[in-house]
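[1] Sharing a sequence plus its predicted fold:
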Amino acid sequence: MGHLDHAAFGWLTPVLSYAMACIGAALGLRCTVRALGAAGRSRRNWLITAASSIGTGIWTMHFVAMLGFGVSGTDIRYDVPLTVLSLLVAMIVVCAGVFAVGYGRDRTRALLIGGLTTGLGVASMHYLGMAAVRLHGDVTYAPTLVGLSVLIAVVAATAALWAALNIKSPVAVTLASLVMGAAVSSMHYTGMFAVHVRVTPSGEALPGATAMQFIFPLAVGLGSYLFLTSAFVALSPTTGEREASASAQQLPERVTGGGRRTRAV
């Protein structure tokens, strides 16, 4: 049995992965709030941005945490196609959940369906990512902890969508994103504690890419996307700000129109 290390770099990877999960959650919540105040193409675009932010944050959290994962007695490689597939699954399933909430007429039903769909998608992303791991040995899982990790994912996703529907203020969104980041991190590490590895020593080269060759550059790229999206959301006016600006522009026109009528009399 190989010794598993979930934090080979100390607290760096757990803290950094938690931060990425919080950033993705905060962006997703803010974008969903914007979407619920918009209509037509604007709503659709905000929901897509929300889904990509949450999905990117969750995936980046998972693989930043995986940078600290090691097993004594064997190297670790990652299957590139499966790793990319896990990212696509995260985005597509989160998108389905967010759209269910964004367009659902019965909010309770939409919340339950969206939470279940998104939670199962998050869990699928995690275990697809684990299926991409290549090492000298066999990987098995403790079923109870696997079930608990899936339950945490569903509860966390449902709570996130509920927050998107009910939380509006920036302070409340910040607090909700911190809780969501903790829930996603808990799901990840619960799933990782379910892992058992029986190492089979071998001199053969493992297929795939190392974490630093593939995952780290991709995680940095997706992290940059999150920060750029943060700037876009911060600079984009809210629905209330646009309405206030439109009212302010209409007021001088009304005053000017009234003045002209007075001169005409």
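    Right, received. Where do you want to start?
[2] for whatever helix or strand Phe63 lives in, packing partners?
    Secondary structure assignment for Phe63, by DSSP states H and E: helix 40-66. Where contact means 3 or more CB pairs under 8 Å, 6 or more residues apart in numbering; DSSP states H and E, helix 40-66 is packed against helix 12-36, helix 80-103, helix 107-131, helix 170-193, helix 216-235. Placement of C-beta: from N, CA and C, glycine included.
[3] Verify the contact between Leu116 and Ala156 for me.
    No - taking CB atoms under 8 Å as the definition, Leu116 is not a contact partner of Ala156, at 11.9 Å.
[4] related to what we said a few turns ago, highest mean neighbour count across the helices and strands packed on helix 40-66, which stretch is it?
    Ranked by mean neighbour count under mean count of other CB atoms under 10 Å, the helices and strands packed on helix 40-66 are led by helix 12-36, which reaches a mean of 23.
[5] other SSEs contacting that helix?
    helix 40-66, helix 80-103, helix 143-166, helix 170-193, helix 216-235.
[6] and the angle from it to helix 143-166?
    Angle of helix 12-36 versus helix 143-166, following axes from the mean of the first three to the mean of the last three CA atoms, to 10 degrees, is 40 degrees.
[7] next one: helix 12-36 to chain centre, how far?
    6 Å (CA atoms, centre = their mean, to the nearest Å).
[8] Now do that helix, average pLDDT.
    Model confidence over helix 12-36, given as mean pLDDT, is 85.
[9] what inclination does it have with respect to helix 40-66?
    170 degrees.
[10] Leu135: which of the helices and strands packed on helix 12-36 is closest?
    Leu135 lies closest to helix 40-66 among the helices and strands packed on helix 12-36, at 12.4 Å (CB to CB).
[11] tell me the mean pLDDT for the closest one?
    Averaged over helix 40-66, pLDDT sits at 85.
[12] Apart from its neighbours in sequence, what residue is nearest Phe63?
    Sequence neighbours aside, Ile215 is the residue nearest to Phe63 in space, at 4.8 Å (criterion: CB to CB, 6 or more residues apart in numbering).
[13] swap in Gly68?
    Leaving aside its sequence neighbours, Gly68 sits nearest to Thr13 (CB to CB, 6+ apart; 3.5 Å).
[14] What's the local residue count around the closest residue to Leu218 other than its chain neighbours?
    Closest residue to Leu218 apart from its sequence neighbours, by CB to CB, 6+ apart: Phe63 at 7.6 Å. Applying other CB atoms under 10 Å, we find 26 residues neighbouring Phe63.
[15] contacting residues for Phe63?
    Thr83, Gly129, Ala211, Ile215, Leu218, Ala219 (CB atoms under 8 Å, 6 or more residues apart in numbering).
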